[in-house]
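Visitor: this one's sequence-less:
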């Protein structure tokens, strides 16, 4: 499928919400066939199930047709359980029967290399020419727990409860693990979609479909590689705009580790760093484990909109309060002090030895007076400084555990949470299964319960807060590239041209005079009050200082003349062939922070901008922050905050604090200037960008086009 | 109890392995009493249980004595369920009955402030004078699952299986959560000991006891504060020497966060950083959550000694291999390439589309040929580059989940692991409970199974490897302080004396000549080939450069005389009272890395040494590494490796790599020189310590004594 083509919503609806299905290649000898057939019944499908077997007869105890055409009635979706060589004919049969949607399980395509990739392209072309929307190949299919339909050939080891978290996974095995963990932790699931090799339907188009599904509140994703970044970006932007969080576990971080040792720009735009940048920018929540994927999605599906960042925490254990406070500090979660009326009201209900502070230890007194949970939650849930209330306690998971005291406590928490004026949840002490026993208690107490444990729970809360904060920003500053592809048609050939190009976009640049004679040099040096920097100006010379083409800190007439002559002599000596246009003279600047801003084309994702402090920060520590272009000022401010050296921007050793808003504005303009060069650009670097107090200025710039223009 | 006194092993044995117990203050009206009484039966105690109630009669359906003396037979341990004011009399009764061990549940002591602390001191004094070893007060007691005894007043919500992990916790509630999680995850427990306020028995003495317990293989600890660091260090060293890992969850990291904003040295020796330093040094494994505490302890209890760091990983899912590889990279776990014979042997058994690399995806083919697990594990388990084999798969936890195929797979893994030549374990895909169904399968297949999930499992593996590596080091370099307390009796009064003191310990210092006349200054400057630094020498002047007492980079006779006169004039002007001994003249050094080495006394833990790179690294980023003194070179090398700026030591911008072994040796000597000043020392700072290639040299030093000697 052409990457820019969105999938047809009607075709996707027929595929993922079929009212009738057919298993093509059904066979009693195939465990895939048996499993897929059983799963259809297991999820409670009440539509028509057809079977097609080349020889007809009875399969799985049901009459099988010899072809799709032979079924003789309309069918919404087909599951193809066939070897690769039989697929083309099968798809023709499927199309002839008027079926427009198919799931292809068959493996042996692009995952096996070049020859497999060719076969896969053929498959995709066949499907497209026949007008069939194909999920797969090399996938497990899908399950739709809300509509109770499934074309899923993997094991279904437990009854999954319908709910608001929908899952997409490129790996079928991981999809099984995710959904099984959802069952174990009491997470309700909408869709489970295994995308496999994504010959036609990539994960972006699946996300896009889920954004429009009214039952889906959160999208959880396992990904190995983003095959179509444009589709993915588009879907992620729609999800963000629709207020549906996308939580992703993407493998491939370790490749970065290897690549870090590579060249400078290589390290800046390594694949995983670009994906990480895209996540930050698109409001995608990236997690590190399957547990975190499932429980972050669960928590976000159970929270309403958060209007601020303050969290109130309530537990009956001082130890849990301490653990939670440490987690909060590690995740930079704010636990604000309670307001005066909250403290006063808590004093009324807590025992004398209790302390009404946040996190709140209501003490073991709750064992003798279970209403203490309800009372304290109701009080804390009204505190004006808070936007989220979390109560830590757990729901029994077994019959011996279901003691009367626990039931009372859980009910008390349910009432307390219900009376809170802000979004409120209950988190288990440690990660704990949700069983039928738990489900009954949860339902009775109407509890928004996340069985993640405090550690994963606090991490999920941090993510939820950050996501809500980002959503409250005026604009997310992402648009499809290229933005202004045709603004400029040629690449600046020299440093001076590069700086002029930046200046045209409002980037302050250091004033520079081109001196073509000794007299012009003297005039220029005199005009700048400070001492000056003198550099050879030649489009032919890239590394000026290496050949003696740069003299810094020149003061006075004598020194200016001397430097002028020395530079010309050195250049004549080293590069007699170079066309020289003169000597560029600029004022020397007072000690400033030096930043590096680089824009580079990523073959998949388009242009990305990296910013970092110069010198050791970037050379030895790779301390940079990365985003896709175009960027807005908010996003750049976030980037600057991510730098390990960020603290230096606040002032250091007598240097005044940098005007960070101005700096962000200038960096945004550099990004715009880069995009304006459109497809011609390979890299653009501003190095250094000087920053000191309210002065930000580009000192040097280098632009490299895809084809050098000279 | 005097901190330096070890607890009496016999008294501890009577306390924690009693053959007869008494509940003092037993009452049908007390839920504590009821629970404690029931727990004794629940753990399977077969010794004698006595009850004491002031009024005698029948309690919990059993005849109660009116006092311990009235029991009339020997009793090993007493559980006191009494209000605070009744404790003294009860302890006297306990002692009179010949009972030497008691657990005190009563709260209302040091946790309530100064008055409570006074009461607690009285309680401790009473117990000591009566010769009674007391656990508590304000604790939950203990359970000993190996010997089936318990004096535990908390809920016991599930049958705990006896095993090799013993637990100590200062919080009773957290102790309950830990042991409940042990049950849920199939972790066998030896002891569960709640230490409470630790009036007599601190957590160090409890660890010490567990080190000697033959059934305990790993010690898991929850701590709020280390009340007796000497006892704790001593116990941790014994545990390490005995090969019993101590895994600790200690709260209080967030206090550090607040304290970081404080003064320089405050930030260096903040409590939590000192504890973190002690952990690194003592081989204590510090974790961040209850889940990690339990599952790291579990994994370590199931592993033998690891002889190296290479890990081999086997899974039937490519996705899991990718997730595990990312975890490995994040945790710096080495997944070495398989040796040639391993690759060849794997080619024989894997399907044609399988790839014999590490981590190993044996593919879904294992579903049709379950022996693939056994065969591949046996092959990988012989690879010479590996020290640990991990197979990722999970044990069913419910009856519907216990399908024949799963049983076969688990059995195949069991056989494969049994035939491995290196320590091998099985880790679940995600965190998963261990139920009776699981237990049966685990026992049948004899599986070393850790139900942690890949994420926590890989973190635990990283910790296990680091711990084993540290144990293989020649010496761990920790001894009780102070080492050479009486070597030196006075604190160096000036920079020159401080440097001489360092030099006496073999620290290279910059050559310095004290010039008392202009002629001596000229002679000195001439003697150094390079330009020189000139500084006023006066014990009365701490901040020399602030008053014009320092001139740097002086070259030539004229400049030397000028600087000599300027310094004297400036000092006379600013500090006419100061006793001046002359001007110190040293050669200027070529551009070098500047390090900071500081030693500071911590009121609890003794002297600690911090090392960091100077300038922005320490001032803006607090990039330091900390350890307790004394230190050996291995430990210092580890410290240098922890610095974010460590990469600069490998050479940067044409500066040669620093001889890191030499640097570590010099830092070790600075620590020795500091310790030699014994109790007189408050702080010692070497700043800067220059390092460039094979040259390491202290340029400036400052020593502050507890009482200034001049």
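Guide: Great, that's in hand. This one's a predicted model, so the numbers in the text were calculated from it and none came from an experiment. Numbers count the residues shown, from 1 in each chain, chains lettered A, B, ... in the order given.
Visitor: quick check: residues of the stretch 451-600 of chain A near chain B?
Guide: Neighbours of chain B within the stretch 451-600 of chain A, by CB under 8 Å from any CB of the partner chain: A:453, A:454, A:455. (Each C-beta comes from the backbone N, C-alpha and C, glycine too.)
Visitor: so which of these belong to helices?
Guide: Among these, the residues falling in helices (DSSP state H) are A:453, A:454, A:455.
Visitor: kindly present these as TSV, with separate columns for pLDDT.
Guide: What follows is those, written out as TSV (pLDDT from 0 to 100):
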residue	pLDDT
A:453	98
A:454	97
A:455	97
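Visitor: closest one to chain B out of these, please.
Guide: residue A:455 (3.5 Å; CB to the nearest CB).
Visitor: okay, now the closest one: neighbour count?
Guide: Using other CB atoms under 10 Å in any protein chain shown, residue A:455 has 26 other residues around it.
Visitor: burial of the nearest residue to it once chain neighbours are set aside, as a residue count?
Guide: Nearest residue to residue A:455, sequence neighbours excluded (CB to CB, 6 or more residues apart in numbering or on different chains): residue B:289, at 3.5 Å. Neighbour count for residue B:289, taken as other CB under 10 Å: 22.
Visitor: again with residue A:647
Guide: Per other CB under 10 Å, the neighbour tally for residue A:647 reads 14.
Visitor: does it touch residue B:621 like I think?
Guide: Yes: if you go by CB atoms under 8 Å, residue A:647 and residue B:621 touch, sitting 6.8 Å apart.
Visitor: what do those two both touch?
Guide: Counting by CB atoms under 8 Å, 6 or more residues apart in numbering or on different chains, residue A:647 and residue B:621 have no shared contacts at all.
Visitor: correct me if wrong, but residue A:276 is in a helix.
Guide: Yes: looking at residue A:276 with DSSP: H, G, I helix; E, B strand; the rest coil, it is inside a helix.
Visitor: what ranges do the strands span in the stretch 551-700 of chain A?
Guide: For the stretch 551-700 of chain A, strands defined by DSSP state E, counting those that start in this stretch occupy the ranges A:582-587, A:593-602, A:606-613, A:624-628, A:681-692, A:695-698.
Visitor: domain assignment for chain A?
Guide: What automatic domain parsing lists as the domains of chain A is A:9-299, A:304-471, A:511-587, A:593-705.
Visitor: let me know the outermost residue of chain A.
Guide: Distance from the C-alpha centroid of chain A, by CA atoms, centre = their mean, peaks at residue A:558 (58.1 Å).
Visitor: show the pLDDT at that one.
Guide: Looking at residue A:558, its pLDDT stands at 92.
Visitor: okay, the nearest residue in space to residue A:564 that is not next to it in sequence: pLDDT?
Guide: With CB to CB, 6+ apart as the criterion, residue A:564 has its nearest non-adjacent residue at 4.7 Å, and that residue is residue A:521. Model confidence at residue A:521, expressed as pLDDT, equals 93.
Visitor: tabulate the ones in helices among the residues of the stretch 451-600 of chain A next to chain B (CSV), appending distance to residue A:304.
Guide: Compiled in CSV, these are given as follows (distance: CB to CB, whole Å):
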residue, distance to residue A:304
A:453, 22
A:454, 21
A:455, 24
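Visitor: nearest to residue A:69 among the residues you listed?
Guide: Nearest to residue A:69 among those is residue A:453, at 54.6 Å by CB to CB.
Visitor: run a quick neighbour tally on that closest one.
Guide: Around residue A:453 there are 25 residues (other CB under 10 Å).
Visitor: that one reaches residue A:430, doesn't it?
Guide: Yes: between residue A:453 and residue A:430 there is a contact under CB under 8 Å: 4.2 Å.
Visitor: got any residues that touch both of the two?
Guide: Here residue A:453 and residue A:430 share the contacting residues B:289, B:290, B:291, scored by CB under 8 Å, 6+ apart.
Visitor: which one of those is nearest to residue B:615?
Guide: Checking these one by one against residue B:615 (CB to CB), the nearest turns out to be residue B:289, at 36.1 Å.
Visitor: dump the shared contacts of residue A:453 and residue A:430 into JSON lines; add secondary structure as well.
Guide: Shown next, in JSON lines, are the shared contacts of residue A:453 and residue A:430 (three-state DSSP):
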{"residue": "B:289", "secondary structure": "coil"}
{"residue": "B:290", "secondary structure": "helix"}
{"residue": "B:291", "secondary structure": "helix"}
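Visitor: low pLDDT regions in the stretch 1-150 of chain A?
Guide: Flagging of the stretch 1-150 of chain A using pLDDT under 70 yields the residue ranges A:1-6.
Visitor: which positions in the stretch 301-450 of chain A make contact with chain B?
Guide: So the stretch 301-450 of chain A meets chain B at A:316-320, A:322-323, A:325-330, A:353, A:364, A:367, A:398, A:400-401, A:403, A:429-433 (CB under 8 Å from any CB).
Visitor: give the buried subset of those as a PyMOL selection command.
Guide: To isolate the buried ones among these in PyMOL, judged by 16 or more other CB atoms under 10 Å in any protein chain shown, type:
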select buried, chain A and resi 316+317+318+319+320+322+323+325+326+327+328+329+330+364+398+401+429+430+431+432+433
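Visitor: the residues of the stretch 301-450 of chain A next to chain B in helices, which ones?
Guide: A:318, A:319, A:320, A:322, A:323, A:325, A:326, A:327, A:328, A:329, A:330.
Visitor: turn those residues into a markdown table, columns for pLDDT.
Guide: Converted to a markdown table, these look like this (pLDDT from 0 to 100):
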| residue | pLDDT |
| --- | --- |
| A:318 | 88 |
| A:319 | 90 |
| A:320 | 93 |
| A:322 | 89 |
| A:323 | 92 |
| A:325 | 91 |
| A:326 | 92 |
| A:327 | 94 |
| A:328 | 94 |
| A:329 | 92 |
| A:330 | 93 |
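Visitor: farthest-separated two in the residues you listed?
Guide: Longest span within these, CB to CB: A:318 and A:330, 19.0 Å.
Visitor: ok, residue A:147 - contacts?
Guide: Going by CB under 8 Å, 6+ apart, residue A:147 touches residue A:17.
Visitor: and it, what element?
Guide: Secondary structure from DSSP states H and E places residue A:147 outside every helix and strand.
Visitor: returning to what we had before: will you turn the strands of the stretch 551-700 of chain A into CSV that also has mean pLDDT and mean neighbour count?
Guide: Formatted as CSV, the strands of the stretch 551-700 of chain A follow (pLDDT from 0 to 100; neighbours: other CB atoms under 10 Å in any protein chain shown):
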stretch, mean pLDDT, mean neighbour count
strand A:582-587, 92, 23
strand A:593-602, 92, 22
strand A:606-613, 92, 25
strand A:624-628, 92, 25
strand A:681-692, 93, 22
strand A:695-698, 95, 20
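Visitor: would JSON lines of those with distance to residue B:631 be doable?
Guide: Shown next, in JSON lines, are these (distance: least, CB to CB, whole Å):
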{"stretch": "strand A:582-587", "distance to residue B:631": "51"}
{"stretch": "strand A:593-602", "distance to residue B:631": "36"}
{"stretch": "strand A:606-613", "distance to residue B:631": "33"}
{"stretch": "strand A:624-628", "distance to residue B:631": "35"}
{"stretch": "strand A:681-692", "distance to residue B:631": "40"}
{"stretch": "strand A:695-698", "distance to residue B:631": "45"}
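Visitor: check which helix or strand covers residue A:199.
Guide: Using DSSP H and E, residue A:199 maps to neither a helix nor a strand.
Visitor: how many neighbours does it have?
Guide: 29.
Visitor: quick check on the closest residue to it other than its chain neighbours: phi, psi?
Guide: Leaving out its chain neighbours, the residue that sits closest to residue A:199 by CB to CB, 6+ apart is residue A:124, at 4.2 Å. Torsion angles at residue A:124 (phi, psi; degrees, to the nearest 10) stand at phi -60, psi -40.
Visitor: so what touches stretch A:114-129?
Guide: Identification of contacts with stretch A:114-129 by CB under 8 Å, 6+ apart yields A:1, A:84, A:87-88, A:91-92, A:102, A:104, A:108-110, A:133-134, A:137, A:197, A:199-200.
Visitor: among the residues you listed, name the ones in strands.
Guide: Among these, the residues falling in strands (DSSP state E) are A:102, A:104, A:133, A:134.
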